[in-house]
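[1] Got a predicted model here, sequence first, then my questions.
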Amino acid sequence: MKPEYTAIPLVKNDAEKQYQLTIEGHTAFIQFNETPHHISLVHTEVPPELEGKGAGTAIVEKTLEAIEQSGKTLVPLCPFVFAYIKRHPDWKRIVDPGFKGFGEA
């Protein structure tokens, strides 16, 4: 994540079921569904004004950190989040054991 994004707070908007990150007046978000035991990340959206600036990476990293701190497991249904975890496999540590999308038997 770019250093300038480190101090920007991630907002968990339960009413809209979104993790949100506002950068330069524009809000990137990841839609989620939550159960008592895990959080499914469904869709990531970055406004055109933030594309290519690292906002997608920042919101994914901050969201994964928040899920890890929550003690819940992750179900990465969003293709963007899934691809991020494939590139950074250390995050598989929070993926729900029942999720077999990474090719495990």
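    Ah, there it is.
[2] all strands for this structure, in order.
    Using DSSP state E, the strands of the chain run over 11-13, 18-23, 26-34, 38-45, 73-76.
[3] for the spatially most central residue of the chain, what are its contacts?
    Nearest to the mean C-alpha position of the chain, by Cα atoms, centre = their mean, lies residue 60 at 3.4 Å. Residue 60 makes contacts with 30, 44, 80-81, 84, as judged by Cβ atoms under 8 Å, 6 or more residues apart in numbering. C-beta coordinates here come from the backbone N, C-alpha and C atoms, glycine included.
[4] same question, residue 1
    Counted by Cβ under 8 Å, 6+ apart, residue 1 has contacts 54, 57-58, 61-62.
[5] Would you reformat these as a markdown table and include distance to residue 101 and pLDDT?
    Below are these laid out as a markdown table (distance: Cβ to Cβ, whole Å; pLDDT from 0 to 100):
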| residue | distance to residue 101 | pLDDT |
| --- | --- | --- |
| 54 | 25 | 95 |
| 57 | 20 | 96 |
| 58 | 23 | 97 |
| 61 | 20 | 97 |
| 62 | 22 | 98 |
